[in-house]
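Trainee: Quick one, structure for this:
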Amino acid sequence: RSNLSAVLVRVLLGTRDSPRDVDGCAAPVSRLRSYASIQLKGVGCVAGSSQIVVRMCGILACLMSTDDGPQFRARVLALSRRQRHRGPDWSGMFQWKNSFLAHERLAIIDPASGDQPLFNEDKSVSVCVNGEIYNHKALKAQILEKHPHKTFATESDCEVISHLWEDYGEKVASMLDGMFSFVILDTRDGSFYAARDPIGITSLYIGWGKDGSVWVASEMKCLKDECLKFQQFPPGHYYSSRTMSFTRYYNPQFYLDFEASPPRCPSTPYDPKVLREAFEAAVVKRMMSDVPFGVLLSGGLDSSLVAAIASRAIKSQDSIWGNRLHSFCIGLPGSPDLKAAREVAGFLGTDHHEFTFTVQEGIDAISDVIQHIETYDVTTIRASTPMFLMSRKIKALGVKMVLSGEGSDEVFGGYLYFHKAPNREEFFQETVRKVQALYQFDCLRANKSTMAWGVEARVPFLDRHFLDVAMAIDPSEKMIDKSKGRMEKYILRKAFDTPEDPYLPAHVLWRQKEQFSDGVGYSWIDGLKAHAEACVTDQQLAAAQHRYLENTPRTKEGYFYRSIFESHFPQKAAADTVPGGPSVACSTATAALWDAAWAGNEDPSGRAVSVHDSAYDKPGANGLPN
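Mentor: Below is the predicted model of the structure:
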């Protein structure tokens, strides 16, 4: 624990990718703000400085419109209201001539202040932003070193963006460490600039109107009725009015290795201490909050490690957090996740909140889920529904921010189909493909399922520095070989296998991977399939290729979701935002070719792979007799 304490001090004092400076490490609990509406006792909150403002919200920008009148302004406001669930605390609008910036604000730090947009010193540059910038203190110091007399209007972590724009222009996005989507409007020349974080943790879409206007929004529902064309804003890119095109600013070494001709493979030796400390720092970096927060705990490896590190941080001698971490889990009664999470919570001493739902309650929520998450992808909907239901209950308890474990399976090859990777090169290339596609799947789910109820999810496995460390490791170290005792995510498990001071019980640390939609209860997926079977006829599925010419549903469950999606988003451009292609246990289409036995047996559930302990083709699976 002394190692973790050292990490805490470095992060909090700004010497290791610091999210923010604070008054000191030993802030008394009395400094914690009181929230009369909060129903939780002893909830973990960062001792807040009233000078720090984090702005998580929904943003909408309409740029270069041909209409600047009051009726059109009212229309932009009405469209922004479609994503008010993302920011129920306050709304705002900024207009300059024929360009509009609207936002719906969720206050995570210092709820009493921090309205948008943010400006530079003379207010000629405005910024509308959804995000959190972890290295803002270092960036502010860099700005002040160059301009000693410059003044900042707020202590917002995001205000640095407008000042960086003045000095560095289009380089600004590449300088940021955080999760963010933002639009800059420069009134000096009428130019604009929009950018999205490297992996796509925050959601963002872009569209083009009939009049040549450019629209940017956190959610697609704001654009679908105004734009002839719209699409997901590619992560790690910016869009500039100076070129009217996208430019990729995020170019980590693992992308360059993947794109090289011929492709290269990382070769950094595995060091468990380096990996462990990088992840500890990533978790601690995300524990800054002036409102109650907790951790989503399924009892699987990833969420349990996040909970273990956060719990240690809260209990650390020099901690500025409350004295007990809150954890949350959901599942069908008797599900694997509920049992495992209960055990982990007991081991860590968290204040655990366990929620249950029935298959029918999940089915009843499907239409709302699809309307919020804006996809018809089968895996995403299966996993989003319980997360959506849990987020509503979490918000009802007064919690606005949660830590979550998304991204680990992509980085370490944790999905069970990785057992079939033929060599280290294929293994590495598949992990890169999975990381690059996260914004279409797990990041989309984590962001929109929680923000549907005004809850923000933070994902430490996708920390920029941690990715550099983890993706540089020789992929042969990540490969699965059960004959040698190397199961999925072996090197991550081994990094936290410290029997002298255990982070987790050994059998939890070495528990087999469960996809969230499986872990909440196997009968959840089986129930969805049965419901779709009753709703979609054989004739409808046979004719699916005529109704859905592209990305044609292959199963009745897929057809069922697609038809609901179409009722909310009938535009072709909306359907085109969803990826397709064959998949087995969440594989990409390329990896689906690793095993000829998978052909024609596509299913995103982990149980579709024979190595799963409850695989479909094994006796006893799904509760069937042995």
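Trainee: Low-confidence regions, the stretch 101-250 of the chain specifically.
Mentor: Within the stretch 101-250 of the chain, the ranges that satisfy pLDDT under 70 run 107-115.
Trainee: got a list of what residue 452 touches?
Mentor: For residue 452, the contact set (CB atoms under 8 Å, 6 or more residues apart in numbering) comprises 85, 368, 372-373, 388, 391-392. C-beta: built from backbone N, CA, C; applies to glycine.
Trainee: Greatest separation within the residues you listed: which pair is it?
Mentor: Farthest-apart pair in those is 373 and 392; separation 14.0 Å (CB to CB).
Trainee: now the strands for the stretch 51-200 of the chain?
Mentor: Read by DSSP state E, counting those that start in this stretch, the stretch 51-200 of the chain holds these strands, from start to end of the chain: 54-63, 90-96, 99-109, 118-119, 125-133, 178-186, 191-196.
Trainee: got CSV for these, with distance to residue 326 too?
Mentor: Conversion of those to CSV gives the following (distance: least, CB to CB, whole Å):
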stretch, distance to residue 326
strand 54-63, 19
strand 90-96, 25
strand 99-109, 16
strand 118-119, 31
strand 125-133, 20
strand 178-186, 21
strand 191-196, 30
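Trainee: Take these and write them to JSON lines, including mean neighbour count and distance to residue 484.
Mentor: As requested, the strands of the stretch 51-200 of the chain are arranged in JSON lines below (neighbours: other CB atoms under 10 Å; distance: least, CB to CB, whole Å):
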{"stretch": "strand 54-63", "mean neighbour count": "28", "distance to residue 484": "44"}
{"stretch": "strand 90-96", "mean neighbour count": "17", "distance to residue 484": "56"}
{"stretch": "strand 99-109", "mean neighbour count": "25", "distance to residue 484": "45"}
{"stretch": "strand 118-119", "mean neighbour count": "22", "distance to residue 484": "53"}
{"stretch": "strand 125-133", "mean neighbour count": "27", "distance to residue 484": "41"}
{"stretch": "strand 178-186", "mean neighbour count": "26", "distance to residue 484": "37"}
{"stretch": "strand 191-196", "mean neighbour count": "25", "distance to residue 484": "40"}
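Trainee: Just the mean pLDDT for stretch 446-458, thanks.
Mentor: Stretch 446-458 shows a mean pLDDT of 96 in the predicted model.
Trainee: Count the residues that sit near residue 245.
Mentor: The burial metric for residue 245, expressed as a neighbour count using other CB atoms under 10 Å, is 10.
Trainee: Now it. Nearest residue, chain neighbours left out?
Mentor: Spatial nearest neighbour of residue 245, chain neighbours left out: residue 239 (7.1 Å); criterion: CB to CB, 6 or more residues apart in numbering.
Trainee: circling back to that earlier point, so residue 373 and residue 392 - more neighbours on which side?
Mentor: Taking other CB under 10 Å, residue 373 and residue 392 do not tie; residue 373 has more neighbours (26 against 16).
Trainee: So that one sits against residue 385, correct?
Mentor: No. Residue 373 lies out of contact with residue 385 (CB atoms under 8 Å); the separation is 9.3 Å.
Trainee: who's in contact with the strand or helix carrying residue 239?
Mentor: Secondary-structure assignment from DSSP states H and E places residue 239 in strand 237-240. Taking CB under 8 Å, 6+ apart as the criterion, the residues outside strand 237-240 that touch it are 170, 173, 191-196, 206, 214, 216, 233, 245-250.
Trainee: where does residue 254 land in three-state SS?
Mentor: helix (DSSP: H, G, I helix; E, B strand; the rest coil).
Trainee: Spatially nearest residue to it, not counting backbone neighbours?
Mentor: The spatial neighbour of residue 254 that comes closest, neighbours along the chain excluded (CB to CB, 6+ apart), is residue 471 at 4.0 Å.
Trainee: Tell me, how many residues neighbour residue 81?
Mentor: 15.
Trainee: Same check on residue 567?
Mentor: Number of residues near residue 567 (other CB under 10 Å) recorded here: 11.
Trainee: same question, residue 199
Mentor: Each residue near residue 199 was counted by other CB under 10 Å, and the total is 25.
Trainee: Quick check: it vs residue 130, distance?
Mentor: Distance from residue 199 to residue 130, counting by CB to CB, to the nearest Å: 15 Å.
Trainee: same deal with residue 424?
Mentor: Taking CB to CB as the measure, residue 424 and residue 130 are separated by 38 Å.
Trainee: ok, now residue 274?
Mentor: For residue 274 relative to residue 130 (CB to CB), the value is 32 Å.
Trainee: Equivalent analysis for residue 328, please.
Mentor: To residue 130, residue 328 is 23 Å away according to CB to CB.
Trainee: Verify the contact between residue 82 and residue 223 for me.
Mentor: No. With the criterion set as CB under 8 Å, residue 82 and residue 223 do not qualify as a contacting pair; they are 9.6 Å apart.
Trainee: With neighbour numbers in mind, choose between those two.
Mentor: Comparing residue 82 with residue 223 by other CB under 10 Å, the one with more neighbours is residue 223, at 26 against 19.
Trainee: Return the residues in contact with the more buried one.
Mentor: Taking CB under 8 Å, 6+ apart as the definition, contacts of residue 223 comprise 79, 205-207, 215, 217, 230.
Trainee: Most neighbours among these, which one?
Mentor: The most crowded member of the contacts of residue 223 is residue 217, carrying 30 neighbours; neighbours defined as other CB under 10 Å.
Trainee: Wait, it touches residue 205, no?
Mentor: Yes. Under the criterion of CB under 8 Å, residue 217 is in contact with residue 205, at a separation of 5.3 Å.
Trainee: Check which residues of stretch 527-535 are buried.
Mentor: Neighbour-count burial for stretch 527-535, with 16 or more other CB atoms under 10 Å as criterion, is recorded at 527-529, 531-532.
Trainee: can you check stretch 61-77 too?
Mentor: Neighbour count says stretch 61-77 has 61-65, 67, 72-73, 75-76 buried, by 16+ other CB under 10 Å.
Trainee: Please list the outside residues in contact with it.
Mentor: Here stretch 61-77 has contacts from 60, 91, 93, 95, 97-102, 128, 183, 185, 192, 194, 209, 211-217, 226, 241, using CB under 8 Å, 6+ apart.
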